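# from the sequence below, what's the structure:
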Amino acid sequence: MNLPSRIPLAHLPTPVEPLKRLTSHLGGAEVWIKRDDQTGLAGGGNKTRKLEFLMADARAQNAKTIITGGAAQSNHCRQTAAAAAKLGFRCIVVLRGDPPPKFTGNILLDDLLGAEIVWTREKEREEVMQAVYEKEKAAGSDPYLIPIGGSNKIGAAAYADAVRELKEQINSPLLFGDVPNGRGVRGEGFSRICFASSSGGTHAGLTVGAKAVMPSTEVLGISVDEPLDVLKNNVARIASETASFLNLPFKFTPDDIHANTDYIGKGYALMGDYERETIRLLASLEGVLIDPVYSGKAFGGMIDLIRKGVIKKEERVLFWHTGGQMALFAYSDQLR
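Next up, the predicted model:
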């Protein structure tokens, strides 16, 4: 795996922890969690890994202005704004929706971190991002455009490398010890990795990394918004591009991608009883905070699969926490 240049931004490796009380509560598979909510940059999250490579590429191209976009409570935009501030780039974020009367959650943090916010409602974010890019280029501000979620081959490469990090942790006797416990042994360690999937970059990177170093582990992305065919096609495309970028001899088709779209609920960024129950359950049993937009949906989906026996009792499953708990404050009225 030939990785591109990176600028260290994240606190790595992130911890891998057993969720013992949750496992006992569910009475099913043994549940562990990888804490990419603790990557450190302005509250942490999975995008920090991607930004190590994306910002290095921006610097290599002598960029001065970083442009990206996302939903109003985008974790990606918050972490991009933080990385730009830390490295001395100007940052413009294109957010979907109208300016709220009061800035909360990630919107407040975008502002504190110095990002210039462009709001769009009638046009697609990608169109507005491209228009902002062209305007800044014409003005001579040397822009660098990062796709939504940092989801391209450069960003996804970070999560191929993250699986290598996980493999090293699994092989350490400090994690599982030397004696098998009936639910997996040192080696591959986990039967499945579950996580929230949307723009597809993390999903693609984990898929590439697992094929390279943990081929018996299923990488299951639980969609928070995209329908199954769209998600699988997008992840397969990014995964193939990422493998080629890393000089790995892999090609992926939609049939190679594991995804579940049963837990989108009311829709993207819309919270219902299901997400509320999941957030409260994990917080009260393990002291771990998850958000209602991404991990709240995906973790709840994984719990349901355990309860239904789709994820079997003898399995050891890992939930890859991608962060986002800063958005909890924007949902305070709905969490009580």
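
# least confident secondary structure element in this protein?
Least confident helix or strand, the chain: helix 332-335 with a mean of 91, by mean pLDDT, DSSP states H and E.

# for it, name the packing helices and strands.
helix 273-286 (3 or more CB pairs under 8 Å, 6 or more residues apart in numbering; DSSP states H and E). (Glycine included, C-beta is placed from N, CA and C.)

# now do the helix it packs on, average pLDDT.
The pLDDT scores in helix 273-286 average 96.

# send me that helix as PDB with only the CA atoms.
Extracted C-alpha coordinates of helix 273-286, given in PDB (Å, rounded to 0.1, in the frame of the first residue of the first chain):
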ATOM      1  CA  ASP A 273     -37.600   7.800  18.600                       C
ATOM      2  CA  TYR A 274     -35.200   5.200  17.200                       C
ATOM      3  CA  GLU A 275     -32.200   7.600  17.100                       C
ATOM      4  CA  ARG A 276     -33.100   9.100  20.400                       C
ATOM      5  CA  GLU A 277     -33.200   5.700  22.100                       C
ATOM      6  CA  THR A 278     -29.900   4.700  20.600                       C
ATOM      7  CA  ILE A 279     -28.100   7.900  21.700                       C
ATOM      8  CA  ARG A 280     -29.500   7.600  25.300                       C
ATOM      9  CA  LEU A 281     -28.700   3.900  25.500                       C
ATOM     10  CA  LEU A 282     -25.100   4.200  24.600                       C
ATOM     11  CA  ALA A 283     -24.600   7.300  26.700                       C
ATOM     12  CA  SER A 284     -26.200   5.800  29.800                       C
ATOM     13  CA  LEU A 285     -24.500   2.400  29.500                       C
ATOM     14  CA  GLU A 286     -21.000   3.300  28.300                       C
END
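
# name the residues of the very next helix or strand once past it that come out as buried.
Next along the chain after helix 273-286, taking DSSP states H and E as the criterion, comes helix 295-307. For helix 295-307, a neighbour-count test (16 or more other CB atoms under 10 Å) marks S295, G296, K297, A298, F299, G300, G301, M302, I303, D304, L305, I306 as buried.

# ditto for stretch 269-286
A269, M271, Y274, E275, R276, T278, I279, L281, L282, L285, E286.

# would a markdown table of those residues with distance to A81 be doable?
Formatted as a markdown table, the buried residues of stretch 269-286 follow (distance: CB to CB, whole Å):
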| residue | distance to A81 |
| --- | --- |
| A269 | 19 |
| M271 | 24 |
| Y274 | 31 |
| E275 | 26 |
| R276 | 28 |
| T278 | 28 |
| I279 | 25 |
| L281 | 31 |
| L282 | 27 |
| L285 | 33 |
| E286 | 29 |
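
# what is the most widely separated pair among these?
Using CB to CB, these span at most 24.9 Å, a distance reached by A269 and L285.

# for the stretch 1-150 of the chain, what spans make up the strands?
Counting by DSSP state E, counting those that start in this stretch, residue ranges of the strands within the stretch 1-150 of the chain are 16-18, 30-35, 65-70, 90-96, 116-120, 143-145.
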